[in-house]
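*Asks:* predicted model, plus sequence, below.
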Amino acid sequence: MTPASALPPLVEPGPELTAEEIARYSRHLIIPDVGVAGQRRLKNARVLVMGAGGLGSPTLLYLAAAGVGTLGIVDFDVVDESNLQRQILHGVADVGRAKIESARDAIAAINPLVRVELHDVVLTNDNAVELFGRYDLILDGTDNFATRYLVNDAAALAHKPYVWGSIFRFSGQVSVFWEDAPDGRGLNYRDLYPQAPPAGLVPSCAEGGVFGLLCGTIGSLMGTEAIKLLCGIGDPLLGRLLIYDALAMTHRTVRFARDPDRAPITALIDYDAFCGIPAVVDADTAADTSSITPLQLRAELDSDDPPVLIDVREPVEWEIAALPGARLVPRGDIVDGRASAQIPREGRVVLYCKTGIRSAQALAALRAAGLDRVVHLEGGILAWAQQVDPEMPTY
């Protein structure tokens, strides 16, 4: 029986089901809460999924299999070999292809009755509200805070609900946000997280890692919430945050309410500034003042006065690959001051990490401590592998 807390269906039933559709979706049709009417709602639904990556992969596959009539995909990335550990939409033959094209083909192989709309774009203030307005429901599994707040605000301005999911290492979170929910139940992401954490405090999956199977768990939960909203069944996660721990195999839900101090969303803002992301500066200026390119570092290492190399990654990353002659001093030990004695105060020092994010944070801490001859490697060890040593393992 549908609980009293269920929301009204987002979508009206579409056309009558064909004999092929009845055979395909028969296990849905015999569930009283779904039935023929629910399946026709799914057939008539338009769902936009942000990203064809770790969370988008299982979500798209299950929504396609469930018979959602139109699936939109927003992604501008290409398939990388490191994606294959968790992004099950893509296979070895797809490496180097656009993710949206690989996703389209995978969906067609599962359910050719689903229409797929591809959006090979970066979501911006200029296109988000109009794009969201074309769909009934948004699913957001993006991995950076600036985009999450943009999705939230654009969904509110477009008057659309959305399902949100987040993953990191072995833990995940899922919730539902809908500013215009009926009966005064409207909530959005800013009620749960009024302010983004300081830039760099929460590492991305590329920096911190993610357990591949976690994507399947959280993505499936997101798909479940989507179908509940489309059909108007069950108790959605509106006003509740589900927190999942794969290592402990536990989950719990935390209730949250509207933030009484939250201002109404009336326009999109500068989300990089809101999240504390530094503006991009001229590359030459950056190289002169705080960073060094891989080719410049190669030349300095070959000189008569080479710099001291400090690897600020974690020990598990050090075991994968490291630059010759480097010393391992994790970023956390530098930022909290524990490793200050390990950083030479005389001579030139070059910090590096995987992509340049953590080394920049360590650089800021050392500059604040008075070390002014410290720079960091632009693009990290990945850039080094691309430009200097193609044989170096990447991850």
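*Replies:* Received, thanks. Residues are numbered from 1 along each chain as shown.
*Asks:* list the buried residues of stretch 237-248.
*Replies:* Neighbour counts using 16 or more other C-beta atoms under 10 Å place 237-242, 244, 246 of stretch 237-248 among the buried residues. From N, CA and C alone the C-beta is placed, and that goes for glycine too.
*Asks:* now, which of the residues you listed sits nearest Pro182?
*Replies:* The shortest approach to Pro182 among the buried residues of stretch 237-248 belongs to Leu238, at 10.5 Å (C-beta to C-beta).
*Asks:* so what's that closest one up against?
*Replies:* 7, 175-178, 181, 185, 187 (C-beta atoms under 8 Å, 6 or more residues apart in numbering).
*Asks:* those, buried ones only, as a ChimeraX selection?
*Replies:* Selection of buried members from the contacts of Leu238 for ChimeraX, criterion 16+ other C-beta under 10 Å:
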select :7,175,176,177,178,181,187
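*Asks:* and the nearest residue to Ile107 once chain neighbours are set aside, how many residues sit next to it?
*Replies:* Distances taken as C-beta to C-beta, 6 or more residues apart in numbering put Ala64 closest to Ile107, at 4.5 Å, once the chain neighbours are dropped. Using other C-beta atoms under 10 Å, Ala64 has 23 other residues around it.
*Asks:* quickly list the domain ranges of the protein.
*Replies:* 19-274, 283-387 (automatic domain parsing).
*Asks:* would you turn the ones you listed into a markdown table with distance to Thr394 and mean pLDDT?
*Replies:* Below are the domains of the chain laid out as a markdown table (distance: least, C-beta to C-beta, whole Å; pLDDT from 0 to 100):
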| stretch | distance to Thr394 | mean pLDDT |
| --- | --- | --- |
| domain 19-274 | 7 | 96 |
| domain 283-387 | 5 | 90 |
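*Asks:* looking at those domains, which is nearest to Pro393?
*Replies:* Short answer: domain 283-387, nearest of the domains of the chain by C-beta to C-beta, at 4.7 Å.
*Asks:* what helix or strand does the residue nearest in space to the middle of the chain sit in?
*Replies:* For the chain, the residue sitting closest to the mean C-alpha position, by C-alpha atoms, centre = their mean, is Asp143 at 2.1 Å. Here Asp143 sits in a region with no helix or strand, counting by DSSP states H and E.
*Asks:* got the contact list for it?
*Replies:* 51, 53, 166, 204-205.
*Asks:* same thing with Gly379?
*Replies:* So Gly379 contacts 293-294, 355-356, 386 (C-beta under 8 Å, 6+ apart).
*Asks:* now, among these, which is nearest to Phe76?
*Replies:* Nearest to Phe76 among the contacts of Gly379, with distances taken as C-beta to C-beta, is Thr355, at 18.0 Å.
*Asks:* and the closest one, that's in a strand?
*Replies:* No - counting by DSSP: H, G, I helix; E, B strand; the rest coil, Thr355 is not found in a strand; it is coil.
*Asks:* surely it touches Trp384?
*Replies:* No - applying C-beta atoms under 8 Å, one finds Thr355 not in contact with Trp384, separated by 10.9 Å.
*Asks:* between the two, which one's more packed in?
*Replies:* Using other C-beta under 10 Å, the more surrounded residue of Thr355 and Trp384 is Trp384, with 22 against 18.
*Asks:* buried residues, the helix or strand containing the more buried one. List them.
*Replies:* Assigned by DSSP H and E, Trp384 falls within helix 380-387. Using 16+ other C-beta under 10 Å as the test for burial, helix 380-387 gives 380-385.
*Asks:* now those as JSON lines including distance to Lys43?
*Replies:* Listed next are those as JSON lines, based on distance: C-beta to C-beta, whole Å:
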{"residue": "Gly380", "distance to Lys43": "47"}
{"residue": "Ile381", "distance to Lys43": "48"}
{"residue": "Leu382", "distance to Lys43": "44"}
{"residue": "Ala383", "distance to Lys43": "47"}
{"residue": "Trp384", "distance to Lys43": "51"}
{"residue": "Ala385", "distance to Lys43": "47"}
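*Asks:* now, which of those residues sits nearest Ile277?
*Replies:* Nearest member of those to Ile277, counting by C-beta to C-beta, is Gly380, at 17.2 Å.
*Asks:* so what's the residue count around Tyr271?
*Replies:* Using other C-beta under 10 Å, Tyr271 has 21 neighbouring residues.
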